[in-house]
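> predicted model and sequence follow; I will ask about them next.
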2 protein chains.
Amino acid sequence: MDQFDSNDGELMLNGMTLSSLKLRAGQTPYYAYDRSVINKTIQQFRAQMPARLKLHYAIKANPMPALVDFIAPLVDGLDVASGNELNVALNSSIDTRMISFAGPGKRPKELAMAIASGTTINLESFTELNRVISLSEKFGITANVAVRVNPDFELKSSGMKMGGGSQQFGIDAENVPLLLEKIKSSNLDYQGLHIFTGSQNLNPESIQQAHKNTFELATRLSEQTQTSIKKLNIGGGLGIPYFPGEKRLELNSIAEALEQHINQFEKQFGSCHIAMELGRFLVGEAGVYVTEITDIKESRGTLFVIIDGGLHHHLSASGNFGQVIRKNYPVAVGNKMSDDNLFTTQVVGPLCTPLDILANKYSLPECDIGDLIVIYQSGAYGYSASPRDFLNHPQPIEMLV
Amino acid sequence: MDQFDSNDGELMLNGMTLSSLKLRAGQTPYYAYDRSVINKTIQQFRAQMPARLKLHYAIKANPMPALVDFIAPLVDGLDVASGNELNVALNSSIDTRMISFAGPGKRPKELAMAIASGTTINLESFTELNRVISLSEKFGITANVAVRVNPDFELKSSGMKMGGGSQQFGIDAENVPLLLEKIKSSNLDYQGLHIFTGSQNLNPESIQQAHKNTFELATRLSEQTQTSIKKLNIGGGLGIPYFPGEKRLELNSIAEALEQHINQFEKQFGSCHIAMELGRFLVGEAGVYVTEITDIKESRGTLFVIIDGGLHHHLSASGNFGQVIRKNYPVAVGNKMSDDNLFTTQVVGPLCTPLDILANKYSLPECDIGDLIVIYQSGAYGYSASPRDFLNHPQPIEMLV
């Protein structure tokens, strides 16, 4: 984990030590997100990727309003997955026309929010189309719609498959022409296509293959239906390294291939807002979850370090959020970064359940009560994706640093 | 699922139909807990179990204050696992002396709350003992303490093992004599032992074996240290059926064996508050999670029913809370209970993640938008154990009916 500096053995985020951040938070546990790391990640992505590729932030990865406000001027669009996320996006500085709303089963009230605000609705069913047509007529507002396509191919080596086969997401590719016919004959403003195949992928070849297939599918659908296309959202899927043996994704080959796809596509269909939608990739590495050791004990040869946070604050790091095999997130003693005399340690939370493990058989410096245990790679799907009321312990604080 | 009646094809909780409950809630999704089912469960347990066995409710299973208040007069004690749960217990009608507080890594502030209120603190480490002695002296209040023992045996066939081997829970049995010596020489009021071996067990033989071992261990520790014992908490562990093939636990043989253990123990040590601590067993079957269908679509031969709730409200039912293999909770269409023309259906939530499945390849009546999808066995570890802010959809309402 090289994204943060340390000073005198203490980890720092954007120039502040963890102990200063504890004072700023007024407590442990806390989540802290480093503005400089987010900014650097975005700038590096921009520098490596084709200049014509637009970058969207998928709010669901981390919907903290201050963080969304910080990111808004650095990206070209925001993608939301619920009415409340839409509200966060609308409160930011983003151009409203650059917000898109995806997700199965959007409720009529949410569709109305999107229509009224000029947000692009990524349609995921024929029901949704009919609802948008009727609400649009009712309000006398032309709705902006795109079509989320369930592709006829799969993203290989993906942490989560979200396209291909039977899916609750989007319209099966083979039914898109029928939907586009209906859109054409309606009063809706057609924006384009959204093709999302999966997430948390660390394999450049399979990402390239998915991009190739995505552009082919977008080309085929647009040709077949003779529709012009203003926006093409090619999804995200870029992963970050969590577990031993995983490495940061090499973007070069992905970028080169994308350059060609974009040139080819724009040559055929004219200038187009072609965007990649990233959540975890932009913010995941910028965040840490920090807890304090409240007790240390040995039980039959195992050293237990008990912290004041746990799975209720960080379900993914505990390995209990849909993971089949539990693996450790990267962990450190944040105030003993230079200490290299290591001991096998079990880091557990305060919950009365054996699921509450934050680090299993992990090599850590000798721990003392009061030391700060840090979980890295916690900027995405941490705070908001955890059962924070479970056992009713105090809530963590979120900070943008 | 026979714990609820239905009327004219509609499921009822304590005399109210699901659609009336939707009006009462003002929305879907909602959780509803049936007072009459909780009461019946407790009365049946009392009738089958030895009269001298005390019954405690473990708040962590469902900490809704109204539900805790309803249960308090029906049980002999409340067990809490955090300072905030302690507050809920203290606000109920329970005799304060019948509250006990367990959990690794209790913070000094939580220990102070327990000391000030006369709650029994189940000590889980030597650090905790020292903190309690010093806080007790500081406040000039004699603290009530018990010792949570990490036994030297395991509960077999348990959903979760919480004793035996190395554990973050309790004091290893072999170290209990040393701890008891320290308690004796302190100003603390020693209450007794807490031996908790596991949870969600549906095998009467292994529960009986654990009880046998528990009484033997309590006897051995009390003899060895020549301490009198006022309270013995023998844990819980009684499961409820969730999945195909699982049946309600037969209590008869467990009760008979317990009767003998209790007689034997009280003969040797005098009258004692011997309690079983149950959470899920008392409330799990009394609750349902109810959602409304917002959309229905077919994708490549699979029928998807999309509801307005999902894993963010009910993580366990989605199979993503530490489960290795996803299995379906019992599910029904709550307004079509008499309809027996069934179709294989995929019930999914509104989240943009393939994890958001509430029923996988489940046989259900033909569904329509607006129908109510019910998840049974949702009275425990549902609302409070779910990442309710994930993707920022509206919160469910909780109701006691």
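Thanks, I have the structure now.
> could you list the low-pLDDT ranges of the stretch 251-400 of chain A?
Judged by pLDDT under 70, the stretch 251-400 of chain A has no weakly predicted residues.
> which parts of the stretch 1-150 of chain A sit against chain B?
A:60, A:63, A:81-85, A:88, A:102-107, A:124-128, A:150 (Cβ under 8 Å from any Cβ of the partner chain). Bear in mind the C-beta positions are built from the backbone N, C-alpha and C, glycine included.
> redo that, cut-off 7 Å
Residues of the stretch 1-150 of chain A lying close to chain B (Cβ under 7 Å from any Cβ of the partner chain) are A:60, A:63, A:81-82, A:84-85, A:102-105, A:107, A:125, A:127-128, A:150.
> what about those residues, which are in strands?
With DSSP state E as the criterion, strands contain A:Asn150 from among the residues of the stretch 1-150 of chain A next to chain B.
> would you map the strands across the stretch 51-200 of chain A?
With DSSP state E, counting those that start in this stretch applied, the stretch 51-200 of chain A shows strands at A:54-58, A:77-80, A:99-101, A:120-123, A:144-150, A:158-161, A:171-172, A:189-195, A:198-201, listed in chain order.
> how about those in TSV, adding mean neighbour count and mean pLDDT?
Formatted as TSV, the entries for these read as follows, by neighbours: other Cβ atoms under 10 Å in any protein chain shown; pLDDT from 0 to 100:
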stretch	mean neighbour count	mean pLDDT
strand A:54-58	24	98
strand A:77-80	28	98
strand A:99-101	27	98
strand A:120-123	28	98
strand A:144-150	26	97
strand A:158-161	18	70
strand A:171-172	22	97
strand A:189-195	23	97
strand A:198-201	23	88
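> so which of the residues of the stretch 1-150 of chain A next to chain B are in helices?
With DSSP state H as the criterion, helices contain A:Asn84, A:Glu85, A:Thr127, A:Glu128 from among the residues of the stretch 1-150 of chain A next to chain B.
> number of nearby residues for the third one?
A:Thr127: 17 surrounding residues under other Cβ atoms under 10 Å in any protein chain shown.
> pick the one among the ones in helices among the residues of the stretch 1-150 of chain A next to chain B closest to B:Leu111.
B:Leu111 lies nearest to A:Asn84 out of these, by Cβ to Cβ, at 37.9 Å.
> tell me the pLDDT at that closest one?
A:Asn84 carries a pLDDT score of 98 in this model.
> so what's it up against?
Shown here is A:Asn84, whose contacts under the criterion Cβ atoms under 7 Å, 6 or more residues apart in numbering or on different chains are B:Asn392.
> excluding its backbone neighbours, what's nearest the closest residue to chain B within the stretch 151-300 of chain A?
Residue of the stretch 151-300 of chain A nearest chain B, by Cβ to the nearest Cβ: A:Ser166 (3.6 Å). Closest residue to A:Ser166 apart from its sequence neighbours, by Cβ to Cβ, 6 or more residues apart in numbering or on different chains: B:Thr302 at 3.6 Å.
> look up how far A:Cys272 lies from that neighbour.
Separation of B:Thr302 from A:Cys272 (Cβ to Cβ, to the nearest Å): 32 Å.
> so which of the two has more stuff around it?
Residue environment comparison for B:Thr302 versus A:Cys272 gives the larger neighbour count to A:Cys272, 20 against 15, counting by other Cβ under 10 Å.
> contacting residues around that one?
Residues in contact with A:Cys272, defined by Cβ under 7 Å, 6+ apart, are A:Ile229, A:Lys230, A:Lys231, A:Leu232, A:Phe265, A:Glu266.
> ok, A:Tyr33 next?
Listed by Cβ under 7 Å, 6+ apart, the contact set of A:Tyr33 reads A:Leu67, A:Val283, A:Ala286, A:Gly287, A:Gly379, A:Leu400, A:Val401.
> is it fair to say the second one lies in a strand?
So the one you mean is A:Val283. No. Checked against DSSP: H, G, I helix; E, B strand; the rest coil, A:Val283 lies outside a strand; its state is helix.
> would you mind measuring from it to B:Phe390?
With distances taken as Cβ to Cβ, A:Val283 is found 16 Å from B:Phe390.
> quick one on the thing from earlier: what's the closest of the strands of the stretch 51-200 of chain A to A:Thr214?
Comparison of these against A:Thr214 by Cβ to Cβ identifies strand A:189-195 as nearest, at 4.8 Å.
> tell me what the longest strand anywhere in chain A is packed against?
Among the segments of chain A that qualify as a strand by DSSP E, the longest is strand A:287-299. Applying 3 or more Cβ pairs under 7 Å, 6 or more residues apart in numbering or on different chains; DSSP states H and E, one finds that strand A:287-299 makes contact with strand A:30-33, strand A:302-307, strand A:372-375.
> now with 8 Å, please.
With contacts defined as 3 or more Cβ pairs under 8 Å, 6 or more residues apart in numbering or on different chains; DSSP states H and E, the secondary structure elements packing on strand A:287-299 are helix A:18-25, strand A:30-33, strand A:302-307, strand A:372-375, helix B:126-139.
> which parts of the last one are buried?
Buried residues in helix B:126-139, counting neighbours by 16 or more other Cβ atoms under 10 Å in any protein chain shown, are found at B:Thr127, B:Glu128, B:Leu129, B:Arg131, B:Val132, B:Ile133, B:Leu135, B:Ser136.
> give me the contacts around it.
A:295-297, A:369, B:106, B:108, B:111-112, B:115-116, B:121, B:123, B:142-143, B:145, B:171, B:179, B:182-183, B:186-188 (Cβ atoms under 8 Å, 6 or more residues apart in numbering or on different chains).
> so A:Leu53 versus A:Ser363, what's the distance?
If you measure A:Leu53 against A:Ser363 using Cβ to Cβ, the figure is 40 Å.
> of the two, who's got more company?
Residue environment comparison for A:Leu53 versus A:Ser363 gives the larger neighbour count to A:Leu53, 18 against 11, counting by other Cβ under 10 Å.
> quick one, domains of chain A?
A:5-32+A:284-400, A:95-278 (automatic domain parsing).
> output the longest helix belonging to chain A.
The helix spanning the most residues in chain A, taking DSSP H as the definition, is helix A:204-225.
> same for that one, what does it pack against?
Other helices and strands packing on helix A:204-225, by 3+ Cβ pairs under 8 Å, 6+ apart, are helix A:176-184, strand A:189-195, strand A:198-201, helix A:252-269.
> wait, what's in contact with the nearest residue to A:Ile171 once chain neighbours are set aside?
Once flanking residues are discounted, A:Ile171 sits nearest to A:Leu179: 5.5 Å by Cβ to Cβ, 6+ apart. When the contact criterion is Cβ under 8 Å, 6+ apart, the partners of A:Leu179 are A:Leu123, A:Phe126, A:Leu129, A:Val147, A:Ile171.
> try 10 Å this time
For A:Leu179, the set of contacting residues under the criterion of Cβ atoms under 10 Å, 6 or more residues apart in numbering or on different chains consists of A:Leu123, A:Ser125, A:Phe126, A:Glu128, A:Leu129, A:Val145, A:Val147, A:Val149, A:Ile171, A:Asp172, A:Thr225.
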